[in-house]
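Engineer: Sequence first, predicted coordinates after that:
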Amino acid sequence: MRRTAAWIAKSIVAIVSVAMLAVTAYAWTTYRDATDNLATDDGGVARPLVVLSPAG
């Protein structure tokens, strides 16, 4: 009986581990695709021109 319980416990741990690996791979792929197709303005924006008026 104990041998069967140990086998079942190990099987459950293995299934949960594989499931977590699959979820992590899916999340990583989704994140990578989202960031690859994300439009940003990080390189195409010029610095704003600051005009200082004379004091007085």
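Structural biologist: Sure, I can see it. Please read all numbers here as calculations on a predicted model, not as lab measurements.
Engineer: Any figure for the gap between residue 28 and residue 22?
Structural biologist: Remark: distance between residue 28 and residue 22 (C-beta to C-beta, to the nearest Å) = 11 Å. In this view, the C-beta of every residue, glycine as well, is placed from N, C-alpha and C.
Engineer: Also residue 6?
Structural biologist: Taking C-beta to C-beta, one finds residue 6 at 25 Å from residue 22.
Engineer: same deal with residue 8?
Structural biologist: 21 Å.
Engineer: One more: residue 31?
Structural biologist: 15 Å.
Engineer: and stretch 22-39, average pLDDT?
Structural biologist: In this model, stretch 22-39 carries a mean pLDDT of 86.
Engineer: Can I get that stretch in CSV? Just the C-alpha atoms.
Structural biologist: Once non-C-alpha atoms are left out, stretch 22-39 reads as follows in CSV (Å, rounded to 0.1, in the frame of the first residue of the first chain):
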residue,chain,number,x,y,z
ALA,A,22,4.2,24.4,-19.8
VAL,A,23,2.5,27.4,-18.2
THR,A,24,5.9,29.1,-17.8
ALA,A,25,6.8,28.5,-21.4
TYR,A,26,3.4,29.8,-22.6
ALA,A,27,3.7,32.9,-20.4
TRP,A,28,7.2,33.6,-21.6
THR,A,29,6.2,33.2,-25.3
THR,A,30,3.2,35.5,-24.8
TYR,A,31,5.3,38.1,-23.1
ARG,A,32,8.0,37.9,-25.7
ASP,A,33,5.5,38.3,-28.5
ALA,A,34,3.8,41.2,-26.7
THR,A,35,7.1,43.1,-26.2
ASP,A,36,8.3,42.4,-29.8
ASN,A,37,5.2,43.9,-31.3
LEU,A,38,5.0,46.8,-28.9
ALA,A,39,5.3,50.2,-30.5
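Engineer: Residue 18: which element?
Structural biologist: helix 2-36 (DSSP states H and E).
Engineer: Near residue 10, how many other residues are there?
Structural biologist: Residues lying near residue 10 (other C-beta atoms under 10 Å) number 10.
Engineer: next one: residue 4
Structural biologist: By other C-beta under 10 Å, 8 other residues sit near residue 4.
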